[in-house]
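1. This is the structure alone, sequence omitted:
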Ligand code: NDP
Ligand code: 2IT
């Protein structure tokens with residue numbers, strides 16, 4: 001890359017920092033993408049003339065709103081709601097809603113920025129957006145969750161639409177929350193507009209496989225990375241962080257493919273079960289009873305619960321971070337590599353710090369970054385939209401095959417893109433370059449938007 005070009009990209013990044021002060025996660029996500037775009041601008045100078053990088057770093061629209069609600073005792077609470085509509089060149093804004101106390105604009109913007117590129121990789125007609133709230137669903141009753149969701153949607157509905165903006169779940173937002181959100185949307189608009197939300201229940205417009213899709217898809221991606229290396233998932237010892245939606249179905253697919261999952265976690269601690277995690281128990285504890293992972297050890301005396309433990313210290317061959325951003329730092333990455341880890345598939349969004357990413361790339365292990373490896377969730381959301389548009393519902397097998405095909409294609413196209421730019425095996429570069437090219441090629445013909 002020429003020095004002038006490097007300086008140009010540096011200047012754009014400095015401007016992003018200046019225009020978005022205090023939004024560290026957003027800066028991190030932008031930097032990781034920008035760092036890989038030099039060769040793309042050499043090949044496509046028109047993207048620089050058209051200021052595509054500057055444009056994709058500025059969301060098309062950012063909505064911030066008050067969400068007042070009452071708890072079961074009648075006390076009033078005020079939360080903040082967000083929807084950042086990043087880019088709609090390829091399709092309506094699409095991306096999940098996160099309810100977690102750590103949510104602020106910088107988190108939603110990093111997620112929206114990642115989503116834009118991830119969605120482009122799926123090959124489906126979806127743009128990028130993300131939303132959520134600093135509301136903490138932990139310890140709340142079903143009625144409190146319902147009142148919060150109703151209040152949240154009472155503002156958000158005016159910004160949504162099946163052709164405009166289509167949210168789904170993310171951390172803290174699953175089937176229960178989506179039900180309350182969809183119910184309120186339908187009530188306010190007097191429209192049964194199935195395609196306005198995805199991740200819906202099977203009885204009211206949802207798609208089979210959507211619940212499993214992110215986890216299954218991440219494992220399909222790891223399977224493909226290992227295939228290139230003439231290796232497989234079968235027989236491998238695995239560690240999966242988190243114990244929510246993505247973690248559960250990552251573990252399920254790993255087990256189906258003959259791997260052994262020996263550890264998972266939540267934000268309080270880790271469970272290590274050398275015999276292999278009992279997934280039925282995890283599903284009951286987390287999906288039905290909404291309990292903590294520590295309860296697992298009371299059912300299995302040979303399992304160990306370590307409060308505040310570091311899951312990346314548990315030796316494994318395959319690591320699948322499936323909880324949250326920046327959960328693997330440089331030291332954790334070194335520990336994983338030293339302990340014989342050969343593949344990392346990111347179910348979570350941006351779970352590895354830049355130092356950690358460098359360790360994985362330098363060690364040349366199979367490293368699948370989130371925007372490629374976890375794209376199966378949103379891809380299946382797009383399949384749900386497709387079914388809603390045609391008022392159809394597909395079988396589990398048919399939908400799962402489509403998901404598998406999409407993940408296999410994301411793998412091969414990101415691999416080939418990296419190879420074409422002389423960076424064989426670097427899926428970070430491959431995913432960033434390919435998705436940026438796709439977004440840019442959709443933006444240019446639409447004029448200055
Ligand atoms: P869930 O809410 O179902 O589960 C989240 C899990 O991660 C829980 O075990 C939770 O522990 C843990 N966790 C969440 N936040 C933190 C935190 N700040 N520190 C430590 N642990 C944390 O969410 P999902 O499984 O849906 O999402 C997990 C990750 O996957 C996120 O990064 C999300 O953006 C990403 N993702 C999700 C997709 C989806 O379709 N749902 C699609 C693609 C990516 P605890 O219960 O203690 O909070
Ligand atoms: O990060 C993600 O891709 C998601 N939370 C899923 C988004 C979606 O619209 O299905």
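-> That came through, no problem. The shown structure was predicted, so the numbers you read here are calculated from the model rather than taken from an experiment. Ligands and ions are numbered 1, 2, ... in the order given.
2. Please count neighbours and contacts with C-alpha atoms only from this point.
-> OK.
3. Quick one: name the residues of the stretch 151-300 of the chain near ligand 2.
-> Remark: the part of the stretch 151-300 of the chain in contact with ligand 2 comprises 167, 168, 169, 170, using C-alpha under 6 Å from any ligand atom.
4. what is residue 328 paired to in the beta sheet?
-> Note on residue 328: beta-bridge partners by DSSP bridges are residue 352.
5. Looking at it now. What's its pLDDT?
-> pLDDT for residue 328: 98.
6. What's the separation between it and residue 340?
-> Distance, residue 328 to residue 340, using C-alpha to C-alpha, to the nearest Å: 16 Å.
7. Neighbour count: those two, which is higher?
-> The neighbour count for residue 328 versus residue 340, taken as other C-alpha atoms under 10 Å, is higher for residue 328 (23 against 13).
8. now the strands for the stretch 301-449 of the chain?
-> 304-307, 318-320, 343-345, 366-368 (DSSP state E, counting those that start in this stretch).
9. Over to the stretch 101-250 of the chain?
-> Taking DSSP E, counting those that start in this stretch as the criterion, the stretch 101-250 of the chain carries its strands at 128-133, 165-169, 237-240.
10. Do the last one and ligand 1 come into contact?
-> No - Strand 237-240 stays out of contact with ligand 1 when judged by C-alpha under 6 Å from any ligand atom, the minimum separation being 10.1 Å.
11. which residues are contacting that strand?
-> Applying C-alpha atoms under 8 Å, 6 or more residues apart in numbering, the external contacts of strand 237-240 come out as 247, 250-251, 259-265, 311-312, 314, 316-322.
12. switch to 6 Å and redo it
-> Outside strand 237-240, the residues within contact range by C-alpha atoms under 6 Å, 6 or more residues apart in numbering are 260, 261, 262, 263, 264, 316, 317, 318, 319, 320, 321.
13. can you list those in CSV and add neighbour count, pLDDT and distance to ligand 1?
-> Formatted as CSV, these follow (neighbours: other C-alpha atoms under 10 Å; pLDDT from 0 to 100; distance: C-alpha to the nearest ligand atom, whole Å):
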residue, neighbour count, pLDDT, distance to ligand 1
260, 23, 98, 19
261, 27, 98, 15
262, 22, 98, 16
263, 29, 98, 12
264, 30, 98, 8
316, 23, 98, 19
317, 18, 98, 21
318, 25, 99, 17
319, 26, 99, 14
320, 29, 99, 10
321, 30, 99, 8
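14. which of the residues you listed lies closest to ligand 2?
-> When the contacts of strand 237-240 are compared for distance to ligand 2 (C-alpha to the nearest ligand atom), residue 321 wins out at 13.4 Å.
15. In contact with that closest one, which residues?
-> Residue 321 touches 240, 241, 346, 347, 348, counting by C-alpha under 6 Å, 6+ apart.
16. Let me know the distance separating the first one from residue 400.
-> If you measure residue 240 against residue 400 using C-alpha to C-alpha, the figure is 21 Å.
17. do the same with residue 243
-> 22 Å.
18. State the phi and psi torsions of the closest residue to residue 178 other than its chain neighbours.
-> Excluding the flanking residues, the one nearest residue 178 by C-alpha to C-alpha, 6 or more residues apart in numbering is residue 200, at 6.3 Å. Backbone torsions of residue 200, given as degrees, to the nearest 10, read phi -70, psi 160.
19. repeat for residue 95
-> Dihedral angles (degrees, to the nearest 10) for residue 95: phi 170, psi 160.
20. Give me the neighbour count for it.
-> Neighbour count for residue 95, taken as other C-alpha under 10 Å: 34.
21. Tell me how many other residues crowd the residue of the stretch 251-400 of the chain found nearest ligand 2.
-> Closest to ligand 2 within the stretch 251-400 of the chain is residue 378: 3.5 Å, counting by C-alpha to the nearest ligand atom. Neighbours of residue 378 under the rule other C-alpha under 10 Å: 26.
22. just to revisit the earlier point, look at the residue nearest to residue 178 and report its pLDDT.
-> pLDDT, read off for residue 200, is 98.
23. What parts of the stretch 1-150 of the chain come near ligand 2?
-> 94, 95, 96.
24. how close does residue 420 sit to residue 166?
-> Distance from residue 420 to residue 166, by C-alpha to C-alpha: 34 Å.
25. So is the biggest helix by length in the chain next to ligand 2?
-> Longest helix in the chain, counting residues (DSSP state H): helix 396-420. No - Helix 396-420 lies out of reach of ligand 2 by C-alpha under 6 Å from any ligand atom, never closer than 12.8 Å.
26. Could you grab the helix/strand/coil label for residue 55?
-> Here residue 55 takes the helix state, with states given by DSSP: H, G, I helix; E, B strand; the rest coil.
27. Just want to know which of residue 240 and residue 400 has more residues nearby.
-> residue 240 (28 against 20).
28. Show me the beta-bridge partners of that one.
-> Beta-bridge partners recorded for residue 240 (DSSP bridges): residue 320.
29. tally of neighbours for residue 220?
-> Look at residue 220: counted by other C-alpha under 10 Å, it has 28 neighbours.
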